[in-house]
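S.K.: Fold the following and give me the result.
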Amino acid sequence: MKKLISTALCISIILSSAPSYGNSFVMHTVQPGESYSSISKEFNVELNELKALNEDIDDTIYSGSLVKIKPISKGITIKIRVDDKILNPDISPYIEKDRTHVPIRFIAQALGINEILWNEETKTATLIHNEKTAELTLGSNIAKVNGKELILDAPISVYEGRTFVPLRFISEIFNCIVNWDYENYSVLINKDSSHSEELYWLARIVQAESEGEPFEGKLAVANVVLNRKESTDFPNSVKGVIFDKAHGYQYTPVQNGAIFNSPSPESIQAAALALDGNNNISDSLYFLNSDIATSRWIVENRTFHKRIGLHDFYK
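M.R.: Model prediction:
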């Protein structure tokens, strides 16, 4: 058992044109029955180019191994920034299925995860932080979080002798907010301890309930949840409001699982602004899309406030 401590509040992964330890690559985990030929066709890469990149001389390829598809960009490597300090892992992260993978011990240290345990017999790494436990088994695309199985986009893999895990998954499991900066090709992780869990859930309900709505509509949905949190008629936490069962499930995304989808940068921004006190719907406690709503209770029993996009807001 090893204690890992960090005071990091914000982590960004950036692509730098001044590499210090080699390029970062787009990778692929070989599936049973695949060959260099089939992989070259799937990713539209010349066969000889693919084999040369992987320094292959005898066409040998093994199920479960990582194959380099292409460099992310010539001369570019991934660096990690914690606040104003740049930290370089001794091995470059890679990308598989649009997910950045990083060395497990490195990201655990950066996120301030308390413990990392390794079971050599089962090849399983266990991350423990506060009341959260995540188990990740080498070669598997299924992780266990507090005993519940979750499916990963790509399996846990060994690369250059180190165990690599998906950055977004690990970060979000431990209540961090992850955002992708397309313009700067950067991953941003917010670990603001003041209201990180509230931001985590609020951004998700905003995304699930108002994905196609204008920004003002997203901000309004966030404020409805916060207004309920402050009301004596509802639970006194953001997560409690979202998963409230006392009145029957209040939000469809909780029932269909959409609440667990990753939020967009705009949804995160709306949630953050609402938490900072930006309220654009007064003390409204309800909203609905009147075109698709199956119940008229809100319309018949609450006071209409205003419409934003497709949502009507009621006090």
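S.K.: List phi and psi for Leu136.
M.R.: According to degrees, to the nearest 10, the main-chain angles of Leu136 amount to phi -130, psi 120.
S.K.: and it, how many residues sit next to it?
M.R.: Applying other Cβ atoms under 10 Å, we find 24 residues neighbouring Leu136. Bear in mind the C-beta positions are built from the backbone N, C-alpha and C, glycine included.
S.K.: just Glu172 next, same as before
M.R.: Neighbours around Glu172, by other Cβ under 10 Å: 18.
S.K.: Specify the local secondary structure of it.
M.R.: Secondary structure, DSSP: H, G, I helix; E, B strand; the rest coil: Glu172 is helix.
S.K.: quick check, distance from the helix or strand containing Ala108 to the centre of its chain.
M.R.: Following DSSP states H and E, one finds Ala108 within helix 104-111. In terms of Cα atoms, centre = their mean, to the nearest Å, the centre of helix 104-111 is found 16 Å from the chain centre.
S.K.: my guess is Phe169 contacts Val145, does it?
M.R.: No: between Phe169 and Val145 there is no contact under Cβ atoms under 8 Å: 9.4 Å.
S.K.: So between those two, which is more surrounded?
M.R.: Each of Phe169 and Val145 has its neighbours counted (other Cβ under 10 Å); Phe169 has more, 21 against 16.
S.K.: can you confirm the more buried one is in a helix?
M.R.: Yes: assigned with three-state DSSP, Phe169 falls within a helix.
S.K.: Now for Val206, how many residues are close by?
M.R.: With neighbours defined by other Cβ under 10 Å, the count for Val206 comes to 29.
S.K.: Same check on Ile107?
M.R.: The burial count for Ile107: 26, using other Cβ under 10 Å.
S.K.: which one is it nearest to, not counting chain neighbours?
M.R.: Spatial nearest neighbour of Ile107, excluding adjacent residues (Cβ to Cβ, 6 or more residues apart in numbering): Ile170 at 5.6 Å.
S.K.: so who does that neighbour touch?
M.R.: By Cβ atoms under 8 Å, 6 or more residues apart in numbering, the residues touching Ile170 are Ile104, Ile107, Ala108, Leu111, Leu127, Ala134.
S.K.: what's around the first one, how many residues?
M.R.: Right, the one you point to is Ile104. By other Cβ under 10 Å, the residues close to Ile104 number 20.
S.K.: what does the third one give?
M.R.: Ala108 is surrounded by 25 other residues when neighbours are defined as other Cβ under 10 Å.
S.K.: now the last one
M.R.: Burial measure for Ala134: 21 neighbouring residues, criterion other Cβ under 10 Å.
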